[in-house]
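Novice: prediction below, plus the sequence it came from.
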Amino acid sequence: MSGLGDAVGVPRYAWYSDEACYWHDPGLGVGFLPVGPDIQPLREFGSDPDLRRAEGLLRKNNILDYYHCQRPCPATDAELLLAHSPGHIAHIEALAANGGGEAGIYAPIGFHSALAARTAAGACVQAVTEVLAGTFQRAYCFIRPPGHHAERDRAIGFCIYNNLGIAAHAALLQGVQRVLILDWDVHHGNGIQSLFYDDPRVLFISIHQEGLFPPLSGTLRDVGDGEGLGTTINVPLPAGSGHDAYLAVMNQVVTTAASAFRPELILVAAGLDLSAHDPMGRQMCTSQTLRLMTQHICRLADDLCDGRIVFAHEGGYSSWYLPILVRAVAAAIVNLPEQADPFLHALANLPGQRLQKHQQRRIEQVCDIHRAHLLAAASDPRSLLQASEVSSRWSP
């Protein structure tokens, strides 16, 4: 069985990955720190073995049989220049050619990383192009290095090129008038925000842990500028937010803003570091949270833009939980039932999974700030601020 769609001969789902991405080598260190005094050499987060194990689990469970597996082409200079300066591209190429090193701020690379970064960006451009052409309806780009922190002139936080920023620009060049980028990585997507902060054609919604990384980035008052005023929506959730809080944001903010904006294409920066097992964040989500969020945004894509949606892998640093989370998202994209999660019972019973009053107040603040912008145009503004509408709770 290979590349099954919802009907015989109708390709619907694409999976983009390439060996080059697995050769990206951030070197040895601990977390985001390189080896040094009192920093013992360990394998850096988010590198080759974790991604291979995740993709291996999908093969073991036959989930990749429901995708058309595509090998992407590396991004061209012209494509990279859609979001980055010539100097930044030259810096990455030269550093990698000389064996690697620190490419920016907490962004170590190795000899193969320049090609890996081009391949990651190229995968997202190719996925967007083929989804817009109707070749596929939904796509998942399983790539490394990630991209949402990368700014025009510098690499930040493991991110070399801004994969979805480049892809969004490519979509606009192909005639798309409105793109929604949803970023649910636990860290703020400062790079994506900076690329489109004054661009009314791109609605950027970031759901992240407040004050985590980058520091002071993604505050409630970062709402866009100029013609793009109101098309940046930041939802900085307090540390310890779990399943219900994230679903409340999807129901009360994402649905309302997307319905008002009416995107022609949806891009998702699908970080998996919002999980309760992730060492780089302090949120409480589970595989079930990610499954329901994926289903939610796919339904919105079906309702608003003929199903056109592209997911790009971002953060996710728990060696043992990452494969389970990748499988949850990948299975939800192709409408497969919930997959067994051996960690779910323990995580679902943690008290932080229920919506807390201070978390709901934060969501209400976001709605109040944006009511005069996109949220005011929602078809049913009464749906705002209704905590009782949090849906799809699990039974522990």
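Specialist: It's in. A quick note: this is a predicted structure, and the numbers were derived from the prediction, not measured. Residues are numbered from 1 along each chain as shown.

Novice: every contact and neighbour count from this point should use C-alpha atoms.
Specialist: Will do.

Novice: show me the shaky parts of the chain.
Specialist: Scanning the chain for pLDDT under 70 picks out 1-11, 45-48, 374-396.

Novice: one more time with 80
Specialist: 1-11, 30-32, 43-49, 372-396 (pLDDT under 80).

Novice: hey, C-alpha coordinates of the longest helix seen in it in CSV?
Specialist: When the chain is parsed with DSSP state H, its longest helix is helix 113-132. Provided in CSV are the C-alpha atoms of helix 113-132 (Å, rounded to 0.1, in the frame of the first residue of the first chain):
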residue,chain,number,x,y,z
SER,A,113,24.2,22.2,7.3
ALA,A,114,24.1,24.6,4.4
LEU,A,115,22.7,22.0,2.1
ALA,A,116,20.3,20.7,4.9
ALA,A,117,19.0,24.3,5.4
ARG,A,118,18.5,24.8,1.7
THR,A,119,16.7,21.4,1.5
ALA,A,120,14.4,22.3,4.4
ALA,A,121,13.5,25.6,2.8
GLY,A,122,13.1,24.0,-0.6
ALA,A,123,10.7,21.4,0.9
CYS,A,124,8.4,24.1,2.1
VAL,A,125,8.5,26.0,-1.2
GLN,A,126,7.8,22.8,-3.1
ALA,A,127,5.0,21.8,-0.8
VAL,A,128,3.3,25.1,-1.1
THR,A,129,3.7,25.1,-4.9
GLU,A,130,2.2,21.6,-5.3
VAL,A,131,-0.6,22.3,-2.8
LEU,A,132,-1.6,25.5,-4.7
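
Novice: contact partners of the helix or strand just after that helix?
Specialist: Remark: after helix 113-132, the chain's next helix or strand is strand 138-141, criterion DSSP states H and E. For strand 138-141, contacts defined as CA atoms under 8 Å, 6 or more residues apart in numbering pick out 12-17, 120, 123-124, 127, 131, 307-313, 330, 333.

Novice: next one: stretch 167-177
Specialist: In contact with stretch 167-177 (CA under 8 Å, 6+ apart) are residues 79, 82-83, 121, 124-125, 128-129, 132, 178-179, 201, 263-265, 267.

Novice: hmm, try it at 6 Å
Specialist: Identification of contacts with stretch 167-177 by CA atoms under 6 Å, 6 or more residues apart in numbering yields 124, 125.

Novice: separation between residue 53 and residue 262?
Specialist: Counting by CA to CA, to the nearest Å, the gap from residue 53 to residue 262 is 37 Å.

Novice: of the two, who's got more company?
Specialist: Higher neighbour count among residue 53 and residue 262: residue 262, with 19 against 16, using other CA atoms under 10 Å.

Novice: ok, residue 143 - contacts?
Specialist: If you count contacts by CA under 6 Å, 6+ apart, then residue 143 has 21, 120, 313 around it.

Novice: kindly recompute the last result at 8 Å.
Specialist: By CA under 8 Å, 6+ apart, residue 143 lies in contact with 16, 17, 18, 21, 119, 120, 123, 312, 313, 314.

Novice: biggest separation within these, which pair?
Specialist: Farthest pair in these (CA to CA) is 18 and 314. Separation: 15.5 Å.

Novice: so what's the gap between the longest strand along the chain and the chain middle?
Specialist: For the chain, the longest strand by residue count, based on DSSP state E, is strand 202-209. In terms of CA atoms, centre = their mean, to the nearest Å, the centre of strand 202-209 is found 10 Å from the chain centre.

Novice: that one packs against which elements?
Specialist: Using 3 or more CA pairs under 8 Å, 6 or more residues apart in numbering; DSSP states H and E, the elements in contact with strand 202-209 are strand 179-183, helix 190-196, strand 232-237.

Novice: and that strand with strand 179-183, angle?
Specialist: Counting by axes from the mean of the first three to the mean of the last three CA atoms, to 10 degrees, strand 202-209 lies at 10 degrees to strand 179-183.

Novice: each with direction, which strands does strand 202-209 pair with?
Specialist: Within its sheet, strand 202-209 is paired with strand 179-183 (parallel), strand 232-237 (parallel), according to DSSP bridges.

Novice: could you dump those strands to a markdown table with mean neighbour count and distance to residue 274?
Specialist: Below are the strands paired with strand 202-209 laid out as a markdown table (neighbours: other CA atoms under 10 Å; distance: least, CA to CA, whole Å):
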| stretch | mean neighbour count | distance to residue 274 |
| --- | --- | --- |
| strand 179-183 | 25 | 11 |
| strand 232-237 | 26 | 11 |
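
Novice: can you put those in a markdown table and add distance to residue 163?
Specialist: Below are the strands paired with strand 202-209 laid out as a markdown table (distance: least, CA to CA, whole Å):
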| stretch | distance to residue 163 |
| --- | --- |
| strand 179-183 | 12 |
| strand 232-237 | 18 |
